[in-house]
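> this one's structure only:
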């Protein structure tokens, strides 16, 4: 409300045109930023610390846990995702593939999280 006025706000045509033009630029900017953003992948080391994948590649590669088949599947899916993103396919062809791979990655991450939570509960009650 402006100054106690309870009536509806009315905009001029030039105000509406300016708002629509500004929103198109903002939408384009946000979609560009979203396309350029690199997703952060984190893994758990054998000592229990969570680190970014890039940091582990630089450090000791043997410290990663590979005993879990879900971890291996997750690594394979991330490789597939990187290959699809770098491929020469059109964006229309890539998008459904990328979406399905990302959904599978999220499913595996949820499974890993539930396993970790189950281990934490088991350890909590063992004390």
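Thanks, I have it. Treat the numbers as computed from the prediction; the structure is a model and nothing was measured.
> tell me the domain ranges of the protein?
Per automatic domain parsing, the structural domains of the chain span 10-37, 66-126.
> among these, which gets the worst mean confidence?
Lowest mean pLDDT within the domains of the chain: domain 10-37, at a mean of 78.
> what ranges does the protein have for its strands?
Taking DSSP state E as the criterion, the chain contains strands spanning 42-44, 50-52.
> neighbouring strands - and their directions - for the first one?
Here the strand partners of strand 42-44, with direction, are listed using DSSP bridges: strand 50-52 (antiparallel).
> please compute how far stretch 29-43 lies from its chain's middle.
The chain centre lies 8 Å from the centre of stretch 29-43; the measure is CA atoms, centre = their mean, to the nearest Å.
> and that stretch, end to end?
One end of stretch 29-43 to the other measures 31 Å (CA to CA, to the nearest Å).
> quick revisit: so which of the domains of the chain is the most surrounded?
Ranked by average neighbour count under the criterion mean count of other CB atoms under 10 Å, the domains of the chain are headed by domain 66-126 at a mean of 12. Heads up, the C-betas are built off the backbone N, CA and C, glycines and all.
> that one: how far from the chain's middle?
Put simply, domain 66-126 sits 11 Å off its chain's centre (CA atoms, centre = their mean).
> packing partners for the lengthiest helix in the chain?
In the chain, with assignment by DSSP state H, the single longest helix is helix 91-126. Helix 91-126 makes packing contacts with helix 69-86 when contacts are defined by 3 or more CB pairs under 8 Å, 6 or more residues apart in numbering; DSSP states H and E.
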